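1. what's the 3D shape of this:
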Amino acid sequence: MKRIESKLNTTSATFLANAAHNRKLSDDFKEKQRAARHDRPQRDVERLRAQNKLLVRERIQQLLDPGTPFLELSSLAANEAYGGEVPGAAVVTGIGIVSGREVVINAGDGTVKGGAWYPLTVKKAVRALDIAIENRLPVVHLCDSAGGFLPQQAELFADKYYAGRIFRNQCMLSKMGVQQVAVVLGHCTAGGAYVPALSDYNVIVRGTGAIFLAGPPLVKAATGEENTVDELGGADMHTSISGTADYPASSEEEAIAIARDVVAQFNRQTKTKIEWQQPEAPYYAPEELYGVLPQDIKQGFDIHEVIARLVDGSRFHEYQPNYGKTLICGYAHLWGYKVGILGNNGVLFNDSALKGAHFIELCNQNRTPLIFLQNITGFMVGREYERRGITKDGAKMLMAVSCSEVPKFTVMCHGSFGAGNYGMSGRAFDSRFLFAWPQSQISVMGAEQAANVLADVKIRQLAKQGKQLSAEHIAAIRDPVLGEFKRKQSAYWSTSEIWDDGILAPSDTRNALGMAISAAMNAPIGDPKYGVFRM
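-> Take a look at the predicted model:
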């Protein structure tokens, strides 16, 4: 493959200004992430220490193989919800290496509201188990939860993708032969009791771990029966009488060591083989990505410059370089894995949509995973393009994306607007992993366009009544819409709502994608089958 020739002047004033701006955004993100991970009220930390409990990240550190990375997912989930009082949505999820095996980790954070499940806690846990199902990854559950947060039970209990989906997903994993181990480090109450009960193996810590459908106060209120925690659901009872738990442990350290030994007994599946070669660092430093990205979301940039700083040796075989030039397609290697890349260099026209659909078919034919690099305002609109069939050509691309069998991975590099988000494998289109960069934005349209549309609609309504709006009245319509759109199209809102799998610093993206592709190779790749392409 030919090396991409960068056209950037890395000493120019524009490059240096972009780099300073985007490094500041990345630093701000890292500080938000640090706070979400580690800043806790001292009383909550002391409460756990008094119970001889480890903090959630200490537990994960003991669980992982020494010196191996951990791909944390949705670290800023719920950062703009619940008054900012539920950092990380009270649960830590991610992919790590345990006893030499790639696993999904689902770990309750007892320092946040006692590990209570909020609606976004449930959404994050369900997403982690979806990832386990899609990629055939074993799961380690580190259980420490106060149960569902009752004031918001209507938003986490009854619907299809609410708390019951956690247990349904556990059942599906078991049906698929994908193994799970639960480590009961605190109370598993009510529905939470099913997490260890539905796992293939579970370990419970004597004195602090407990499993019961109702705790002592509720049992007393319901039946008049009085019990201690240990009598009702403690380690000795469940490992010697009920058989609900398998292994008692005298400390968290021992429990985690037992879990590691259990994972070592898990079946080691043969990974799906795709083309692979010895990895090579990019020729151009990933740190230069900060200078590639413009400061204005409306300003374009050449996606070749991003590709050059992600892929092995900065080498790229471009497909149809002279056709549909607003969509760049081609092959590269990333951490040794051969991948097909689709990246935006402008709005999607008829030819670029057709090119993208065809390239996706080719990648499915030769079993090449797909990476989508989004910077898209949408498909082109207007009379000329509708007559050419932009809607049906866009539909062809959606069909190809939807029916793709090879794993897909998406990075929102800059803008992700309108149906362009769909064509470039947005959240609804089942990318195995979807990440965002700190300055990225996502919404049905740009904030200015939305504000102008609503103002225009109001002006037309009043014009029919023979009335006119003053500039002040128009501003009064536009400004609130503009502010709300800007707030809710930011990367921080998106990741708070778990519309992605987490924000990444641009320079960390290559490593995250490498781990994600490796994890995806635990699942088989099916034969490509498509629906009807409207010709």
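
2. lowest average confidence, helix or strand, in this protein?
-> helix 447-464 (a mean of 79; mean pLDDT, DSSP states H and E).

3. Any buried residues in it, and which?
-> Buried residues in helix 447-464, counted by 16 or more other Cβ atoms under 10 Å: 447, 449-452, 455. Bear in mind the C-beta positions are built from the backbone N, C-alpha and C, glycine included.

4. Looking at these, which one is closest to residue 384?
-> Distance to residue 384 across the buried residues of helix 447-464 (Cβ to Cβ) is lowest for residue 449, with 19.8 Å.

5. Please pick out the residue of the chain most distant from its centre.
-> Here the chain reaches farthest from its C-alpha mean at residue 466, the gap being 50.7 Å by Cα atoms, centre = their mean.

6. Was I right to think residue 207 contacts residue 235?
-> Yes - if you go by Cβ atoms under 8 Å, residue 207 and residue 235 touch, sitting 7.4 Å apart.

7. Of the two, which one has the most company?
-> The neighbour count for residue 207 versus residue 235, taken as other Cβ atoms under 10 Å, is higher for residue 235 (24 against 16).

8. Let me see the backbone angles for the more buried one.
-> For residue 235, the backbone dihedrals (degrees, to the nearest 10) come out as phi -60, psi -50.

9. quick one: it from residue 375, how far?
-> Residue 235 is 53 Å from residue 375, where distance means Cβ to Cβ, to the nearest Å.

10. Kindly report the same for residue 483.
-> Following Cβ to Cβ, the distance that separates residue 483 from residue 375 is 24 Å.

11. More neighbours: which of the two?
-> Of the pair residue 483 and residue 375, residue 375 is the one with more neighbours under other Cβ under 10 Å, namely 26 against 12.

12. For the strand or helix carrying the more buried one, name the packing helices and strands.
-> Residue 375 belongs to strand 370-376 when assigned by DSSP states H and E. Judged by 3 or more Cβ pairs under 8 Å, 6 or more residues apart in numbering; DSSP states H and E, strand 370-376 is in contact with helix 303-307, strand 337-344, strand 408-417, helix 418-423.

13. So for residue 276, which of the ones you listed sits nearest?
-> When the helices and strands packed on strand 370-376 are compared by Cβ to Cβ, strand 337-344 sits nearest residue 276, at 5.7 Å.

14. Other residues contacting that closest one?
-> Residues outside strand 337-344 that contact it (Cβ atoms under 8 Å, 6 or more residues apart in numbering): 274-277, 303-304, 306-307, 311, 316, 326-333, 356, 359-360, 362-363, 368-376, 406, 413, 420, 424, 514, 517-518, 521.

15. ok, and for the longest helix along the chain, which residues are buried?
-> In the chain, assigned by DSSP state H, the helix with the most residues is helix 13-38. Residues of helix 13-38 classed as buried by neighbour count (16+ other Cβ under 10 Å): 15, 18-19, 21-23, 25-26, 29, 32-33, 36-37.

16. could you dump those to a markdown table with pLDDT?
-> Shown next, in a markdown table, are these (pLDDT from 0 to 100):
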| residue | pLDDT |
| --- | --- |
| 15 | 98 |
| 18 | 98 |
| 19 | 98 |
| 21 | 98 |
| 22 | 98 |
| 23 | 98 |
| 25 | 98 |
| 26 | 98 |
| 29 | 98 |
| 32 | 98 |
| 33 | 98 |
| 36 | 98 |
| 37 | 97 |
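
17. ok, these vs residue 502, which is closest?
-> Distances from residue 502 to those, taken as Cβ to Cβ, are shortest for residue 33 (9.0 Å).

18. ok, that closest one touching residue 76?
-> Yes - here residue 33 lies in contact with residue 76, judged by Cβ under 8 Å, at a distance of 6.3 Å.

19. Please enumerate the shared neighbours of the two.
-> Contact with both residue 33 and residue 76 is made by residues residue 503, according to Cβ under 8 Å, 6+ apart.

20. Please, where are all the helices along the stretch 251-400 of the chain?
-> Assigned by DSSP state H, counting those that start in this stretch, the helices in the stretch 251-400 of the chain fall at 252-264, 289-292, 303-307, 350-365, 383-388, 390-403.

21. Could I get those helices in CSV, plus columns for distance to residue 500 and mean neighbour count?
-> What follows is these, written out as CSV (distance: least, Cβ to Cβ, whole Å; neighbours: other Cβ atoms under 10 Å):
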stretch, distance to residue 500, mean neighbour count
helix 252-264, 28, 20
helix 289-292, 18, 24
helix 303-307, 17, 23
helix 350-365, 21, 22
helix 383-388, 30, 12
helix 390-403, 17, 20
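
22. With respect to residue 139, which of those lies nearest?
-> Going by Cβ to Cβ, the one of these nearest residue 139 is helix 252-264, 9.9 Å.

23. got the contact list for that closest one?
-> Residues from elsewhere that reach helix 252-264 (Cβ under 8 Å, 6+ apart): 52-54, 59, 62-63, 98-101, 103, 138, 140, 181, 183-185, 201, 203-205, 208-209, 247, 249.

24. Which ones among the residues you listed map onto helices?
-> The helices, defined by DSSP H, take in 59, 62-63 from the contacts of helix 252-264.

25. Out of those, the closest to residue 478 would be?
-> Distances from residue 478 to those, taken by Cβ to Cβ, are shortest for residue 59, at 49.7 Å.

26. which ones are touching the closest one?
-> Neighbour list for residue 59: 107, 142, 183, 185, 252, 256 [criterion: Cβ under 8 Å, 6+ apart].

27. With residue 419 instead?
-> 378-379, 394.

28. which residues in the stretch 51-200 of the chain form strands?
-> 70-73, 91-98, 101-108, 139-143, 180-184, 187-189 (DSSP state E, counting those that start in this stretch).
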